[in-house]
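**Q** pasting the sequence and the predicted coordinates here, then a few questions.
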Amino acid sequence: MNASFQHTDFASMYDLEIKHPPDAGGHFGRFGGRFAAETLMQPLKEIEEAFFDAWNDDAFHAERLQLLENYVGRATPLYHAERLSRRIGGAQIYLKREDLTHTGAHKINNTIGQGLLARRMGKKRVIAETGAGQHGVATATVAAMFGMDCDIYMGREDIARQMPNVLRMRLLGANVIPVDSGTATLKDAVNEALRNWVASCENTFYIFGTAAGPHPYPLLVRQFHTVIGQEARAQILKQAGRLPDVAVACVGGGSNAMGLLHPFRDDESVRLVAVEAAGYGLSTGKHAASLAAGKAGILHGNLTFLLEDEEGQVTGTHSISAGLDYPGVGPELAFMLEEGRLQLDAATDDEALEALQLLTRSEGIIPALESSHALAAGARIAKTMHSNQIVLINLSGRGDKDMNTVFKHLGWLENES
Amino acid sequence: MNIRLSKVFERCKREGHAALVGYLTAGDPDIATSRELLHALADQTDILEIGMPFSDPMADGPVIQAASERALEAGVHIGDVFSLTRSVRETHPDLGIVLMGYANVPYAMGFEMFAENAQDAGADAVLIVDIPPEEGHICDAALKKHNLDRILLLSPTSTDERIRLASENGSGFIYYVSLTGITGADMGDINLIRNKVTHIQSMSDMPVCVGFGVKTPEQATQVAQFADGVVVGSHFVSRISEAKDNDAILATLIDSASQMRKAVTSVSTAATA
Ligand SMILES: Cc1ncc(COP(=O)(O)O)c(C=O)c1O
C-alpha cells in the first residue's frame, strides 16, 4: 500500500506505508492489545476500520497533508544547533523543531489526523485527556476548526501547574473538566475520559493523546506522528549528507518518541534513545520512568510497562513536567525495548531545568519541560561523542506553558499557591 | 462449567424467580466491617460478586470508585480479598461467588496463582471488566484449570458477532450491562433492555444477568420479568457511604437487600422460562 498519490511536492515527502504493524489484535509482541470494557469494543473496532479505510484513501491524505502544511506549518525545520554543540563539546546537535508547529507542540499532528477521522465518522463531539495541556489545546484547536463540541479532561493538579493552557482551551471554546479522582493527574484524566466515552461513544470521538491506549490508538497515533521522523530523516540527509548516529526523544506515553524514532527503526546504524522523567531521581521512587523501573501490566486498554506496587495497584508518579507524569508507556516502545532496538535514558527534574536554560541561553530557543528531558540526555550523550558525529533531538514543544513552573524553581516568583 | 453456579440458576428456575446478584467491594470500608456486610448480603442473594479493589476502576462510577479508594486506604490486599471470600464460603456452601475486578491485579499476581487462590478460597467464577474475549489468551487456561467460570459482559453496543464470541468464550452466565455507561448510572429504557436480553437469550444457552443501573426494587422487579438474574451493585455500595456508623451500615444494607430480594422473587418466571 505505497504512496500512490503525489499531489504536491510536500506530500511526496512522506511514505504512507504502514511499517512494522501490530498483529490483527493490535499486539506488538506480548504488548498492546485491546483490554477494554465490552461497551467500547465495538466503537474501537469502528475506529480501527475507519482508520484503515482513511489511510487507504488518497483524499484523506490530501486533506491531512494540506492541513499539516498550511495550518500546522509543516515541514518543521531541522536546526543545527552549532553554539549548543560547541558548548557541550561533542557531537553535532540537530533539533527537530516541533515547537514551531501551530499550538507549539507535536501533539497537533495527531489531533489533525484524529479530528479528520472523527469528522469522517460523523461524530459531532470530541473528548480528550490532557496532562501538560498541549494535547488538550491541540484537540480544542481542531475542534474549533471543524466546528465540533469539545470536552477536555484534566487532573486538578495539572490544571494548577498548566494554567495558561487551561485558559487557551477555554478561549478555543472547549470545556475543561477538572478530575479529582485518584492522583488528579494524567492517568486519572484518562480514566475519566474513558468513563465519559463509554456513555457517549454513539456521538463522540475520543481523541487519544499519545501512542498508548487500546488498539488501534497506538498504531494510529504513531502513524499520524511519523511525519516528524520522516521529515527529519530527509532533512538530515540533505543538510549533513548522512544519517544521525543517535536519535533522542522524551517519553510520556510515547507519541513524539514514536514520531521521531519509528522512521529510523530500520536504519540499524542509528541508536534510538527514549528519555524518561527521572523526577527526583530513579532511586527515590519519585519519578515517571515506567520503561526503566516498571513491570508489565495492564492499564488503559493495553499491556505495557507500568509503575505499580507488588499487587498491581498503579502508583502515583512524579515529574516536574506534567506531560511526562504518566505511569504507563506506549506498547510499541515497550516492545522495541525488549527487542533491544531501543535504548533507555532518563533525566531528573533538575537536569531538565538546567537543559532548558542551556538551550535558551545558547540558542535563544525556550523548550518545553518535556522536551528539556530529551535535551538533557541528548547533551549528555553528545558529550561522549566526536564532533563529526550527529545527535538528533526532538524538540517536541515550546516552553511558554512552563514559564510559571520555571520561574518558581529559579526563585523569581513567590510561591503563592 | 462450574457446577455450583449452574445449580444456583437451576434452583432459582425451580423456585420460579430470577437470581439476585449482589455486589460489594471487598474491604470496604474496612476488613472487619466488610466481612459482616458480605455475610449479610450473602444471606439475601443467590450470587455474590466480591469486588477486588483497584487504583484505576475505569468502568465504575463515583460510588464504586469511592469504595475502591476506601478499601485501598484501609490497607486491603489481594490476600484479604481471598480470606473474605473464604469466610463467606464457609457459611454459605450453595452461594455462587464471583470475583470481580480489573485485569492488572490478577495479572500482577500471575493468572495461574490467582486462579489457584481464588478456587481455594471458594470462588466459582471470575469477571474481569477489561479482558474481553479477544484477550482471553492471558487468563482462560488458568481459570479453566481451576474450575472457575469466566463471566463475560455484553452491552447495548454488542453486535451479534460479539454475542457469539461471548457465548463461545464465556461460561457461568452472561452479564448484560444495561446501559452504555459506567456503574451507577441511570438505567436505560426497560423495553430496549428487554429486547436485547431476549435476543441474547435466543442466541446463547447461558443465563443472562442484567446489571449496571438497577437501583430501586421497582427496577429490580421489572428486570426480573425477563432476565435470569438481577445484579445490584452501586445501590448496595452506596449504603456504606451514606450511613453514619458501622451499625447503621449493616442495618440499612440488610434492609435494602431484603427489599431487593422481595422485589426479585415477587415475579414468577415460571411462565417465561
Ligand atoms: C511538548 C510535549 N512533549 C512531550 C510530551 C509527552 O507526550 P508523548 O510521550 O506522547 O510525546 C508532551 C505531553 O503533553 C508534550 O506536551
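**A** Looks like it came in fine.
**Q** going forward, measure contacts and count neighbours with C-alpha atoms only.
**A** Will do.
**Q** got the contact list for the closest residue to chain B within chain A?
**A** Relative to chain B, the nearest point of chain A is residue A:199 (3.9 Å; CA to the nearest CA). By CA atoms under 8 Å, 6 or more residues apart in numbering or on different chains, residue A:199 lies in contact with B:179, B:180, B:181, B:182.
**Q** nearest residue to the third one other than its sequence neighbours?
**A** Once its chain neighbours are removed from consideration, residue B:181 has its nearest residue in residue A:199; the separation is 3.9 Å (CA to CA, 6 or more residues apart in numbering or on different chains).
**Q** same question, the second one
**A** Spatial nearest neighbour of residue B:180, excluding adjacent residues (CA to CA, 6+ apart): residue A:199 at 4.8 Å.
**Q** what's the burial count for residue A:86?
**A** Neighbours of residue A:86 under the rule other CA atoms under 10 Å in any protein chain shown: 15.
**Q** again, but for residue A:146
**A** 15.
**Q** contacting residues for it?
**A** Residue A:146 sits in contact with A:115, A:119, where contact means CA under 8 Å, 6+ apart.
**Q** let's see 10 Å
**A** Contacts here follow CA atoms under 10 Å, 6 or more residues apart in numbering or on different chains; on that basis residue A:146 touches A:112, A:115, A:116, A:118, A:119, A:124, A:140.
**Q** ok, now residue A:348?
**A** When contacts are counted by CA under 10 Å, 6+ apart, residue A:348 touches A:276-282, A:287-288, A:319-320, A:354, A:373, A:376-377.
**Q** out of these, list just those in strands.
**A** Cross-referencing the contacts of residue A:348 against strands under DSSP state E gives A:276, A:277, A:278, A:279.
**Q** which of the residues you listed count as buried?
**A** Buried by 16 or more other CA atoms under 10 Å in any protein chain shown: A:276, A:277, A:278, A:279, out of the ones in strands among the contacts of residue A:348.
**Q** now the element after the lowest-mean-pLDDT helix or strand in chain A, going C-ward?
**A** Using mean pLDDT, DSSP states H and E, helix A:156-161 stands out as the lowest-scoring helix or strand of chain A, at a mean of 90. Following helix A:156-161 in sequence order, the next helix or strand is helix A:163-171 (DSSP states H and E).
**Q** domains for chain A, by residue range?
**A** A:26-72+A:107-217, A:78-104+A:225-409 (automatic domain parsing).
**Q** element containing residue A:359, please.
**A** Short version, using DSSP H and E: residue A:359 is in helix A:349-363.
**Q** does that helix reach the ligand?
**A** No - Helix A:349-363 lies out of reach of the ligand by CA under 6 Å from any ligand atom, never closer than 12.4 Å.
**Q** how many neighbours does residue A:350 have?
**A** Residue A:350 has 17 nearby residues by other CA under 10 Å.
**Q** let me fix that, I meant to ask about residue B:244.
**A** With neighbours defined by other CA under 10 Å, the count for residue B:244 comes to 10.
**Q** ditto for residue A:241
**A** Residues lying near residue A:241 (other CA under 10 Å) number 10.
**Q** touching, it and residue A:235? I think so.
**A** Yes - if you go by CA atoms under 10 Å, residue A:241 and residue A:235 touch, sitting 9.0 Å apart.
**Q** low-confidence ranges in the stretch 151-273 of chain B?
**A** Residue ranges of the stretch 151-273 of chain B with pLDDT under 70: B:270-273.
**Q** what do you get if the cut-off is 80, keeping everything else the same?
**A** B:269-273 (pLDDT under 80).
**Q** cool, and the stretch 1-150 of chain B?
**A** Using pLDDT under 80, the stretch 1-150 of chain B drops low at B:1-2.
**Q** what segments of it are helices?
**A** Remark: helices assigned in the stretch 1-150 of chain B by DSSP state H, counting those that start in this stretch are B:3-15, B:31-44, B:62-73, B:78-91, B:104-109, B:111-121, B:140-145.
**Q** turn those helices into a markdown table, columns for distance to residue B:211 and mean neighbour count.
**A** Output for the helices of the stretch 1-150 of chain B, formatted as a markdown table (distance: least, CA to CA, whole Å; neighbours: other CA atoms under 10 Å in any protein chain shown):
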| stretch | distance to residue B:211 | mean neighbour count |
| --- | --- | --- |
| helix B:3-15 | 16 | 17 |
| helix B:31-44 | 16 | 20 |
| helix B:62-73 | 14 | 21 |
| helix B:78-91 | 21 | 19 |
| helix B:104-109 | 23 | 21 |
| helix B:111-121 | 23 | 20 |
| helix B:140-145 | 23 | 17 |
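**Q** on that earlier part again, let's see the host helix or strand of the residue nearest to residue B:180 as PDB, backbone CA atoms only.
**A** Per DSSP H and E: residue A:199 is located in helix A:186-200. Output in PDB follows, covering the C-alpha atoms of helix A:186-200 (Å, rounded to 0.1, in the frame of the first residue of the first chain):
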ATOM      1  CA  LEU A 186      -2.900  12.400  33.600                       C
ATOM      2  CA  LYS A 187      -3.800   8.800  34.400                       C
ATOM      3  CA  ASP A 188      -6.900   9.900  36.200                       C
ATOM      4  CA  ALA A 189      -7.800  12.200  33.300                       C
ATOM      5  CA  VAL A 190      -7.600   9.100  31.000                       C
ATOM      6  CA  ASN A 191      -9.900   7.200  33.400                       C
ATOM      7  CA  GLU A 192     -12.400  10.000  33.400                       C
ATOM      8  CA  ALA A 193     -12.300  10.400  29.700                       C
ATOM      9  CA  LEU A 194     -12.900   6.700  29.200                       C
ATOM     10  CA  ARG A 195     -15.800   6.800  31.600                       C
ATOM     11  CA  ASN A 196     -17.400   9.600  29.600                       C
ATOM     12  CA  TRP A 197     -16.700   7.900  26.300                       C
ATOM     13  CA  VAL A 198     -18.400   4.600  27.500                       C
ATOM     14  CA  ALA A 199     -21.500   6.700  27.900                       C
ATOM     15  CA  SER A 200     -21.100   8.900  24.800                       C
END
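**Q** give the contact list for residue A:186.
**A** Contacts of residue A:186 (CA under 10 Å, 6+ apart): A:129-133, A:153-158, A:179, A:192, A:317, A:322-327.
**Q** tell me the pLDDT of it.
**A** pLDDT, residue A:186: 94.
**Q** swap in the one 4 residues further on?
**A** Reading off the per-residue confidence, residue A:190 sits at a pLDDT of 97.
**Q** with adjacent residues omitted, what lies nearest to it?
**A** Distance criterion CA to CA, 6+ apart; nearest residue to residue A:190, sequence neighbours excluded, is residue A:129 at 5.4 Å.
**Q** which of the three states applies to that neighbour?
**A** Following DSSP: H, G, I helix; E, B strand; the rest coil, residue A:129 is assigned to strand.
**Q** what about it, distance to residue A:191?
**A** Computed as CA to CA, to the nearest Å, the residue A:129 to residue A:191 distance reads 9 Å.
**Q** what do these two both touch?
**A** A:153, A:179.
**Q** who has more neighbours out of those two?
**A** Neighbour count, other CA under 10 Å: between residue A:129 and residue A:191, residue A:129 has more, with 32 against 23.
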